[in-house]
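Peer 1: After the sequence you'll find the predicted model.
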Amino acid sequence: MTLFGWGVLKGMGVTFKNFLTSYFRKPDEGGIFTVQYPEEREGTAENYRNFPFLVYDGAPEKIRCVACGICERECPPKCIHIEMELDAAGKPARKPAVFDIDYGLCMNCGMCEEVCPFDSIFMDHAFEVAAPERQIGLVRHKKELLKSNEYFREIRPALASAIDQKRKAVEEKKKAAAQPASSQSSGGTGSL
Ligand code: SF4
Ligand code: SF4
């Protein structure tokens with residue numbers, strides 16, 4: 001026969017135990033998982049994603065984005081707006097003059113990162129992006145979206161390193177292909 005109210009007593013026992021252990025046990029030792037934000041912060045997983053940012057190599061002028069517009073087309077809520085920069089002759093300069101993302105519309109899906117063929121746009125870990133203005137406060141322009149490759153390496157080391165290696169291999173292949181045929185053949189003879 002089950003004692004009437006036994007379930008309630010058992011539940012209260014668990015609550016009381018958790019209340020006591022919360023004072024001396026750490027979360028990974030079975031204590032209560034409480035973080036005193038913002039003074040305390042939990043680390044984020046490498047693949048945690050919030051809003052996108054644009055990567056540059058060395059200096060902001062060396063932005064990787066070539067303004068191809070693929071991410072703009074594929075973004076489900078259409079919150080990316082890109083305008084191509086034109087050179088003195090009026091030809092496309094293969095970089096964006098305008099690159100805006102409305103963080104207020106972004107649904108954090110990561111599709112832009114997935115589809116970019118130039119390793120230019122990645123999901124950031126930064127989440128404190130609140131703004132007082134409802135309509136325009138969350139629109140981020142190119143200047144605010146640009147972040148260095150060093151920052152990318154800090155927040156997503158495994159992915160950034162894989163991409164660095166891939167880009168280096170492509171560069172080396174291009175350099176080898178650009179070498180005149182004569183220097184390639186002389187190099188070949190020298191090695192015999
Ligand atoms: S994360 Fe998704 S919604 Fe946000 S900008 Fe990229 S594609 Fe658009
Ligand atoms: S971020 Fe990538 S996909 Fe988007 S416009 Fe630039 S190069 Fe193209």
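Peer 2: Arrived safely, thanks for sending. Ligands and ions are numbered 1, 2, ... in the order given.

Peer 1: Check what pLDDT the residue most central in space within the chain gets.
Peer 2: When Cα atoms, centre = their mean is applied to the chain, the residue found nearest the centroid is M123 (2.3 Å). Each residue has a pLDDT score; the one for M123 is 98.

Peer 1: With I155 instead?
Peer 2: I155 is given a pLDDT of 96.

Peer 1: repeat for G188
Peer 2: 41.

Peer 1: E29 too?
Peer 2: E29 is assigned 76 on the pLDDT scale.

Peer 1: mind checking the longest helix of the protein?
Peer 2: Longest helix in the chain by number of residues (criterion: DSSP state H): helix 157-178.

Peer 1: Can you spell out which helices and strands pack onto that helix?
Peer 2: Packed against helix 157-178 by the contact rule (3 or more Cβ pairs under 8 Å, 6 or more residues apart in numbering; DSSP states H and E) you find helix 149-155. Backbone N, C-alpha and C define where each C-beta goes, glycine included.

Peer 1: try it again with 10 Å
Peer 2: Contacts defined by 3 or more Cβ pairs under 10 Å, 6 or more residues apart in numbering; DSSP states H and E place helix 157-178 against strand 121-123, helix 149-155.

Peer 1: which of the residues in that helix are buried?
Peer 2: L159, A160, I163 (16 or more other Cβ atoms under 10 Å).

Peer 1: quick check, that helix touching ligand 2?
Peer 2: No - residues of helix 157-178 contacting ligand 2 under Cβ under 6 Å from any ligand atom: none, with a closest distance of 12.7 Å.

Peer 1: quick one: pLDDT of E83?
Peer 2: At E83, the model reports a pLDDT of 98.

Peer 1: and the nearest residue to D57 once chain neighbours are set aside, how far is that from D164?
Peer 2: In space, D57 comes closest to N149 once its chain neighbours are excluded; the distance is 5.3 Å by Cβ to Cβ, 6 or more residues apart in numbering. Using Cβ to Cβ, to the nearest Å, N149 is found at 7 Å from D164.

Peer 1: Touching both of the two, which residues are there?
Peer 2: D57, D119 (Cβ atoms under 10 Å, 6 or more residues apart in numbering).

Peer 1: Specify the local secondary structure of F99.
Peer 2: Here F99 is recorded as strand under DSSP: H, G, I helix; E, B strand; the rest coil.

Peer 1: Could you check how many residues crowd around it?
Peer 2: Using other Cβ atoms under 10 Å, F99 has 25 other residues around it.

Peer 1: Might you enumerate the residues of the protein proximal to ligand 1?
Peer 2: Residues of the chain lying near ligand 1 (Cβ under 6 Å from any ligand atom): 52, 75-77, 79-80, 101, 106-112.
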